[in-house]
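>>> Fold the following and give me the result.
(2 chains)
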Amino acid sequence: NAGVTQTPKFQVLKTGQSMTLQCAQDMNHNSMYWYRQDPGMGLRLIYYSASEGTTDKGEVPNGYNVSRLNKREFSLRLESAAPSQTSVYFCASSVDLHQPQHFGDGTRLSIL
Amino acid sequence: QQQVKQSPQSLIVQKGGISIINCAYENTAFDYFPWYQQFPGKGPALLIAIRPDVSEKKEGRFTISFNKSAKQFSLHIMDSQPGDSATYFCAARRQMDSSYKLIFGSGTRLLVRP
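Numbering: from 1, shown residues only, chains lettered A, B, ... in the order given. Take a look at the predicted model:
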């Protein structure tokens, strides 16, 4: 019963490098989400996918791209990392947009 | 712009006491208000949630009180235990047409002393 699995757990990048964060869920959920968590800011939605084949921008999409590879997998890509993107990134999934979200344990990303 | 304001930022409670965390929102289009609990190194987990047509919801030691006219809602943890020590986030959801938003508060770090 893995739930939502995120890889890697930790990553350090240099400014300008690219990186893809991976997320997979085994709950047969239709909807998937990417958030970032910064101190004092709570969680902010970057992108979401209501169902396989669709993606939509959230609150803070600039500097990121996403791919809903299939029903299970939703990846987040940083094309040219910036120090402002240092954060903890969480992936989540839910049966649909109306249902509670289940979160992974996060990827801690530092950009120097 | 933060649409859900959460307070306090941190809270220390003695074992057996009542922990109270408050949230206020601005957008009347929000239709669902969940609370999440997060332990260090883990992702948030849904704790309890309420819809605006209900004024109170209780699940075990956890109660949400909702005041629609004041646009405020709060989490009460009765008989607080050291195992409740975590960060708590309130959130508010708005779904309109094809768009979707779940806005989180800034979090409250709760410490329950033995």
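
>>> just the strands in chain A please.
Ranges of strands in chain A, per DSSP state E, are A:4-7, A:10-13, A:19-25, A:31-38, A:42-49, A:56-57, A:65-68, A:74-78, A:87-94, A:102-103, A:107-111.

>>> Against which helices or strands is the second one packed?
Applying 3 or more CB pairs under 8 Å, 6 or more residues apart in numbering or on different chains; DSSP states H and E, one finds that strand A:10-13 contacts strand A:107-111. Placement of C-beta: from N, CA and C, glycine included.

>>> what angle sits between the strand it packs on and strand A:31-38?
50 degrees (axes from the mean of the first three to the mean of the last three CA atoms, to 10 degrees).

>>> and strand A:107-111, how far out from the chain's middle?
How far strand A:107-111 lies from its chain's middle: 12 Å, per CA atoms, centre = their mean, to the nearest Å.

>>> Then stretch A:17-26?
Per CA atoms, centre = their mean, the displacement of stretch A:17-26 from the mean C-alpha position of its chain is 7 Å.

>>> List the buried residues of it.
A:M19, A:L21, A:C23, A:A24, A:Q25 (16 or more other CB atoms under 10 Å in any protein chain shown).

>>> ok, now which ones touch the fourth one?
For A:A24, the set of contacting residues under the criterion of CB atoms under 8 Å, 6 or more residues apart in numbering or on different chains consists of A:V4, A:T5, A:R72, A:E73.

>>> between these, which is closest to chain B?
Set against chain B, the nearest of the contacts of A:A24 by CB to the nearest CB is A:V4 (7.4 Å).

>>> I appreciate the help and will end here.
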